[in-house]
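>>> no sequence on hand, only this structure:
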């Protein structure tokens, strides 16, 4: 899995030499791992000597797409929230261990916009969506997640932001993950009342003024409630 | 991976009990495997007690899609071949160990049509696309693949069909995998002349008469040559 993680949009193919450099593993180990992954269909050797994500992934791709595809009604809600915010981008995040994964999105229409691909893994120690996803986490969990943060006292900061998100039902962040990037997020629950996802607005800090935030938070909370009512995150079948 | 393979279009979610029944493994082992797969993001526990393909797969989905997406010019060729055959379905297959995987397709427009999803794994011991994909395989390989076939002498049959595919540059099959289903396939090569894929027409045997086959084989060979010339199977980056 760590080997597969070396393939991304910037590195859609890799040579064994590149994999050796990137992993620091001996060449013989890399060759063996590549062979095993090829056997499973997770890698594929192209004729030009480069390896690419294998055709076996297409099956998982289809399954993941089917599982995480939101119904049209939910996507419509994301579009409406984007419009209500003046064209900011919307993302829906679920927690996966110590990261959050974007499982759906609606890209805003502004020239300067927040762009996150579906499937992108983002840090759980930063951002409004993370505060929301951690709003029911216990102190030990917060400490574990904050260990990836920018400094030693981050657990205090993160814990406070998570508690605040729990108390008022939404959160905002400015430049936590990346300077100049802001976010606002609210929780989505499943039918049993479990916290399942965070719906978030993302955009440049310069547009996330207190006034603008006060303007779009009601729409954000409406959207979160609508997604909770629709209840199809992670599929229904 | 064997556990993940239990999730498909008919079983988009699974309970631990179902996984125990399907695998025959002890419950404690299944619980441990599910936990490990959850940690990697390959599985996700929904609030209703069912597990689904995890959000971590969305990243592989995007990578696989990018790698295997054919350029518009190639897709146009598949569409044209479908039209030239009177509306049969077209599939592009690559070999992955002892199966073939559909990496691209164009679905025909007939009421009764051959439907294969991208990512579907099909047997390598049957079908015109398999004959083509095995047309350069040695006898030992043919024997290994044929071990999955319908009877003990299948290696002879498969070997003969693979040799014939090599000799005339295309192959046809009737009901090898499934009664009433026929196929015709031709090889696609990479820039170095290596066999990389098979492009195949699929449809009901009742429409794959000798006359119909003679009619569409020239278009099939043209398409295979065009895909060879375009040379972007498995990506170019």
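It's in. Because the structure is predicted, anything quoted here is derived from the model rather than measured.

>>> buried set for stretch A:95-107?
Applying a neighbour-count criterion of 16 or more other C-beta atoms under 10 Å in any protein chain shown, the buried positions in stretch A:95-107 are A:95, A:96, A:98, A:99, A:100, A:101, A:102, A:103, A:104, A:105, A:106, A:107. Backbone N, C-alpha and C define where each C-beta goes, glycine included.

>>> I'd like the distance between the second one and chain B.
Using C-beta to the nearest C-beta, to the nearest Å, we find residue A:96 at a distance of 4 Å from chain B.

>>> before we move on, back to that, in helices, which of the buried residues of stretch A:95-107 fall?
Counting by DSSP state H, the buried residues of stretch A:95-107 place none of their members in helices.

>>> for the residues you listed, give me a markdown table that also has pLDDT.
Rendered in a markdown table, the data for those read as follows (pLDDT from 0 to 100):
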| residue | pLDDT |
| --- | --- |
| A:95 | 94 |
| A:96 | 90 |
| A:98 | 88 |
| A:99 | 92 |
| A:100 | 95 |
| A:101 | 95 |
| A:102 | 96 |
| A:103 | 95 |
| A:104 | 95 |
| A:105 | 95 |
| A:106 | 96 |
| A:107 | 94 |
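
>>> show me chain A divided up by domain.
Split into domains by automatic domain parsing, chain A comes to A:4-60, A:69-230.

>>> which one of those is the most hemmed in?
domain A:69-230 (a mean of 19; mean count of other C-beta atoms under 10 Å in any protein chain shown).

>>> least reliable of the domains of chain A going by mean pLDDT?
Looking at the domains of chain A, the lowest mean pLDDT belongs to domain A:4-60 (a mean of 91).

>>> what ranges does chain A have for its helices?
With DSSP H, the ranges of helices along chain A come out as A:16-23, A:27-39, A:56-68, A:72-84, A:128-133, A:139-146, A:154-168, A:210-230.

>>> among those, which comes closest to residue B:83?
Smallest distance to residue B:83 across the helices of chain A (C-beta to C-beta): 25.3 Å, for helix A:56-68.

>>> what packs against that closest one?
Other elements packing on helix A:56-68 under the criterion 3 or more C-beta pairs under 8 Å, 6 or more residues apart in numbering or on different chains; DSSP states H and E are strand B:51-53, helix B:56-68, strand B:99-106.

>>> for residue A:57, find the nearest of these.
Proximity of these to residue A:57 was assessed by C-beta to C-beta; the nearest stretch is helix B:56-68, lying at 3.7 Å.

>>> make CSV from the domains of chain A and add distance to residue B:146 to it.
Output for the domains of chain A, formatted as CSV (distance: least, C-beta to C-beta, whole Å):
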stretch, distance to residue B:146
domain A:4-60, 19
domain A:69-230, 39
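
>>> and of these, who's closest to residue B:182?
domain A:4-60 (23.7 Å).

>>> just to revisit the earlier point, of all the helices of chain A, which lies closest to residue B:136?
Among the helices of chain A, helix A:27-39 comes nearest to residue B:136, with 17.8 Å by C-beta to C-beta.

>>> counting by contacts, list what that closest one packs against.
In this structure, helix A:27-39 makes packing contacts with helix A:16-23, strand A:43-45, judged by 3+ C-beta pairs under 8 Å, 6+ apart.

>>> tell me which of those sits nearest to chain B.
Of all these, it is strand A:43-45 that lies closest to chain B, at 5.8 Å by C-beta to the nearest C-beta.

>>> circling back to that earlier point, save the helices and strands packed on helix A:56-68 as TSV, and put in distance to residue A:137 too.
Supplementary listing: the helices and strands packed on helix A:56-68 in TSV, determined by distance: least, C-beta to C-beta, whole Å:
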stretch	distance to residue A:137
strand B:51-53	21
helix B:56-68	20
strand B:99-106	40
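
>>> of all those, which lies closest to residue B:40?
helix B:56-68 (6.0 Å).

>>> and that closest one, how far from the chain's centre?
17 Å (C-alpha atoms, centre = their mean, to the nearest Å).

>>> got the angle between that helix and helix A:56-68?
Helix B:56-68 and helix A:56-68 meet at an angle of 130 degrees, taking axes from the mean of the first three to the mean of the last three C-alpha atoms, to 10 degrees as the criterion.

>>> hang on, isn't residue A:175 packed against residue A:181?
Yes: assessed by C-beta atoms under 8 Å, residue A:175 is found in contact with residue A:181 at 6.3 Å.

>>> show me the contacts for residue A:142.
Under the criterion of C-beta atoms under 8 Å, 6 or more residues apart in numbering or on different chains, the contact partners of residue A:142 comprise A:134, A:155, A:158, A:159, A:162.

>>> how about it, nearest residue that isn't a chain neighbour?
If you skip the residues right next to it in sequence, residue A:142 has residue A:159 as its closest partner in space, 4.6 Å away by C-beta to C-beta, 6 or more residues apart in numbering or on different chains.

>>> do you know how far the residue nearest to residue A:49 when sequence neighbours are not counted is from chain B?
If you skip the residues right next to it in sequence, residue A:49 has residue A:15 as its closest partner in space, 6.3 Å away by C-beta to C-beta, 6+ apart. In this structure, residue A:15 and chain B are 13 Å apart, going by C-beta to the nearest C-beta.

>>> from memory residue A:15 sits against residue A:52, does it?
No: in this structure, residue A:15 is not within contact of residue A:52 by C-beta under 8 Å, at 11.0 Å.

>>> returning to that earlier point: check the gap between the residue nearest to residue A:49 and residue A:7 for me.
Here the distance between residue A:15 and residue A:7 works out to 12 Å (C-beta to C-beta, to the nearest Å).

>>> re the thing from before, nearest to residue B:125 among the helices and strands packed on helix A:56-68 would be which one?
Closest to residue B:125 of the helices and strands packed on helix A:56-68 is strand B:99-106 (C-beta to C-beta; 9.4 Å).

>>> now the helices and strands packed on helix A:27-39 as TSV including distance to residue A:79?
As requested, these are arranged in TSV below (distance: least, C-beta to C-beta, whole Å):
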stretch	distance to residue A:79
helix A:16-23	39
strand A:43-45	36
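
>>> so which of the ones you listed is nearest residue A:169?
Of all the helices and strands packed on helix A:27-39, the one in closest proximity to residue A:169, counting by C-beta to C-beta, is helix A:16-23 (42.5 Å).

>>> so what touches the closest one?
Applying C-beta under 8 Å, 6+ apart, the set of residues contacting helix A:16-23 is A:2, A:3, A:6, A:11, A:14, A:25, A:26, A:27, A:30, A:31, A:34, A:51.

>>> from memory residue A:114 sits against residue A:90, does it?
No: using C-beta under 8 Å, residue A:114 and residue A:90 do not qualify as a contacting pair, with a distance of 9.0 Å.

>>> and the gap between residue A:230 and residue A:105?
16 Å.

>>> about what we covered before: can you redo the helices of chain A as TSV with distance to residue B:126?
Shown next, in TSV, are these (distance: least, C-beta to C-beta, whole Å):
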stretch	distance to residue B:126
helix A:16-23	34
helix A:27-39	21
helix A:56-68	19
helix A:72-84	39
helix A:128-133	48
helix A:139-146	50
helix A:154-168	56
helix A:210-230	43
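
>>> residue B:209 is nearest to which of the ones you listed?
helix A:56-68 (32.8 Å).

>>> quick check: angle from the closest one to strand A:99-106?
For helix A:56-68 against strand A:99-106, the angle by the same axes, to 10 degrees is 70 degrees.
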